[in-house]
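Asks: need the 3D shape of this:
(one chain, ligands or ions: 1)
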Amino acid sequence: MTPVNKADKLSPDASEKGDLSMPAKVDMDKIVSLCKRRGLIFPSSEIYGGLASCWDYGPMGVELKRNVRDVWWKSIVHERADVVGLDTSIMMHPGVWTASGHIDSFTDPLVECKSCHLRWRADAVEGKGCPKCGGELTEPRMFNLMFKTSMGPVEEEASTVYLRPETAQGIFVNFDNVITTSRKKLPLGIAQIGKSFRNEITPGNFIFRTREFEHMELEYFVKPGTDEEWLDYWVKERFDWYVKLGIRKENLRLRQHGKDELAHYARDCYDVEYLFPMGWSELEGIANRGDFDLIQHAKHSGRELSYYDAEAGEKYVPYVIEPSAGVDRSLLAFLVDAYDEEEVGGEKRTVLHLHRSLAPIKVAVLPLSRNEKLTPLAKEVFNKLCPNFVTDYDDSQSIGRRYRRQDEIGTPFCVTIDFESLEDKQVTIRERDSLAQIRVPVEELGKILEAKLKGEAFDASPLWATREK
Ligand code: ATP
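Replies: Coordinates of the predicted model:
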């Protein structure tokens, strides 16, 4: 458990324990260390000692994060006719947060130790005393999780604005704009990806719970009475999305919220949970928000927010189903699930079995050595591939070490150029998971890689195939 420590320096926080009914297969330290070593994720402001719960995505991490966003956007927006996208501002009119209930209800109970003055989330403290020093704790007080700032050059109450704690409200307040301009009928979804901010009392577990993170949210507006059906539909869709992207089914489960646990706006809610290293914890929430948000915003803004169904000749306030996921938390689940340590030819290799659509680098071009005879062909191959695939070029150190480096960041294919390639204009493709290798003509390399990256089997022809020893 991590207190809100006054200096808020980087701390190895393991604040949150999920349901520990099953042991996870990899501990978080290994993931954090791989992320640092391979340029995926660094502690924020590290040269100043870091800032608790803030993380920076490095050269590999930024590619992985973009891929998580892209695969979500593709499946939710581009591959559907009934969802459109939106990108709203982080700072909104303060009235939005009064209407949504965030000013009054977006709180966690906070207690402070009277001896060491560390602060804790009351519902996460076991026993009566301070988890650090055993000191007496204050009575809980409700702590609002929204970050406040002021807009414009004058700092006064009237200029107070909040950093949004969710992207959903940007969607609700634009409901009418989207409905009237998109000419779409209900059911209609509006999707958004963007930063959210929550002044969490106990952040921790690496990027699982941070104070700044990215949301991927869909608000799917439906006719009242069809909402339960659509909730079931989206729960299944969202669960299957993780499975399609390679997460093992046994590491995922669904949990319905109990009546006493439901948020003030929710009629029903399911969590997709993942077996993180600290135990089963929420990965995504899928809620039936009813008409709460549109009714509230209509009341507070004075603008009517309803839908006219021309075919049925009726007007109603839609209900909304909300699948709400975190980019960072999904990315962590993908990393944990992909992580593996194997033995190859008596040597240990660490490998990320990332789904090809998520892998930061798709193809690595590796000349056998940094030899002046090999370099021109290797560069030619790189130049041919890089407009079409995210491609790395690496000619330093032994080929074995370069393979290991690509395995650790989950690169699905390595292309090796050797001295024979100069004669026969053929190169070797090596596949990350099976370690099978095939030899193909340079001319056809792009076409073959494209097919393999779309999911075509890596069925190494017996004539060509070898397995890395
Ligand atoms: P929790 O119970 O873990 O605090 P929540 O139920 O408040 O989460 P939602 O408001 O439903 O979370 O947000 C939807 C998703 O956004 C979560 O399932 C998670 O993936 C992500 N998320 C929420 N808060 C954070 C955070 N502080 N850091 C990283 N991701 C977050």
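Asks: C-alpha from now on. contacts and neighbour counts both.
Replies: Fine.
Asks: give the contact list for Thr350.
Replies: Thr350 makes contact with 339-342, 404, 407-408, according to C-alpha atoms under 8 Å, 6 or more residues apart in numbering.
Asks: give me that answer again for 6 Å
Replies: 340-341, 408 (C-alpha atoms under 6 Å, 6 or more residues apart in numbering).
Asks: okay, and which of the residues you listed map to strands?
Replies: Among the contacts of Thr350, the ones falling in strands (DSSP state E) are 340-341.
Asks: top of the contacts of Thr350 by neighbour count?
Replies: Glu408 (22 neighbours; other C-alpha atoms under 10 Å).
Asks: burial of the closest residue to Lys249 other than its chain neighbours, as a residue count?
Replies: Spatial nearest neighbour of Lys249, excluding adjacent residues (C-alpha to C-alpha, 6 or more residues apart in numbering): Val243 at 6.2 Å. By the measure other C-alpha under 10 Å, the count of residues near Val243 is 14.
Asks: equivalent analysis for the one 5 residues further on, please.
Replies: For Arg248, the tally of surrounding residues (other C-alpha under 10 Å) stands at 14.
Asks: again with Asn288
Replies: Asn288, neighbours per other C-alpha under 10 Å, totals 24.
Asks: mind telling me what element Tyr242 is part of?
Replies: helix 227-244 (DSSP states H and E).
Asks: who's in contact with that helix?
Replies: So helix 227-244 is contacted by nothing (C-alpha under 6 Å, 6+ apart).
Asks: tell me the buried residues in that helix?
Replies: 227-228, 230-231, 234-235, 238-239, 242 (16 or more other C-alpha atoms under 10 Å).
Asks: where in the stretch 51-200 of the chain is pLDDT low?
Replies: Within the stretch 51-200 of the chain, the ranges that satisfy pLDDT under 70 run 157.
Asks: cutoff 80 now
Replies: Counting by pLDDT under 80, the stretch 51-200 of the chain contains low-confidence ranges at 154-158.
Asks: and the helices in it?
Replies: 59-73, 94-100, 102-105, 168-172, 175-182 (DSSP state H, counting those that start in this stretch).
Asks: can stretch 111-125 be found next to the ligand?
Replies: No: with C-alpha under 6 Å from any ligand atom as the criterion, the ligand is not reached by stretch 111-125; the gap is at least 11.6 Å.
Asks: so for the chain, the centremost residue is which one?
Replies: Val327 (2.1 Å; C-alpha atoms, centre = their mean).
Asks: pLDDT score for that one?
Replies: We have a pLDDT of 98 for Val327.
Asks: contact partners of stretch 327-341?
Replies: In contact with stretch 327-341 (C-alpha under 6 Å, 6+ apart) are residues 208, 214-215, 349-354.
Asks: check which residues of it are buried.
Replies: So stretch 327-341, judged by 16+ other C-alpha under 10 Å, has buried residues 327-339.
Asks: got the residues of the stretch 201-350 of the chain near the ligand?
Replies: 208-211, 213, 215, 282-285, 324-326, 329.
Asks: try 8 Å
Replies: 203, 207-217, 271-272, 281-286, 323-330 (C-alpha under 8 Å from any ligand atom).
Asks: got a quick PyMOL command for the buried subset of the residues you listed?
Replies: One line in PyMOL is enough to select the buried ones among these; burial here means 16+ other C-alpha under 10 Å:
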select buried, resi 203+207+208+209+210+211+212+213+214+215+216+217+271+272+281+282+283+284+285+286+323+324+325+326+327+328+329+330
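Asks: inside helices: which ones of the residues of the stretch 201-350 of the chain next to the ligand?
Replies: Within those, residues falling in helices by DSSP state H are 327-330.
Asks: what's the closest of the contacts of Thr350 to the ligand?
Replies: For the contacts of Thr350, the minimum distance to the ligand (C-alpha to the nearest ligand atom) is 23.3 Å, reached by Asp340.
Asks: look at the closest one and report its pLDDT.
Replies: pLDDT, read off for Asp340, is 96.
Asks: tell me what it is bridged to.
Replies: Val351 (DSSP bridges).
Asks: how far away is it from Tyr162?
Replies: 42 Å (C-alpha to C-alpha, to the nearest Å).
Asks: and for Phe292?
Replies: Phe292 is 21 Å from Tyr162, by C-alpha to C-alpha.
Asks: same thing with Phe382?
Replies: Applying C-alpha to C-alpha to Phe382 and Tyr162 gives a distance of 47 Å.
Asks: again with Val344
Replies: From Val344 over to Tyr162 (counting by C-alpha to C-alpha), the distance is 53 Å.
Asks: which of these two has more neighbours?
Replies: Neighbours were counted for Val344 and for Tyr162 using other C-alpha under 10 Å; Tyr162 has more, 20 against 11.
Asks: what number of residues lie near Thr42?
Replies: Careful, residue 42 is Phe and not Thr. Neighbours around Phe42, by other C-alpha under 10 Å: 20.
Asks: I'd guessed it sits against Ser53; true?
Replies: No: taking contacts as C-alpha atoms under 6 Å, Phe42 lies outside contact range of Ser53: 11.2 Å.
Asks: hang on, the earlier thing: tell me which of the helices of the stretch 51-200 of the chain is the most buried.
Replies: Ranked by mean neighbour count under mean count of other C-alpha atoms under 10 Å, the helices of the stretch 51-200 of the chain are led by helix 168-172, which reaches a mean of 21.
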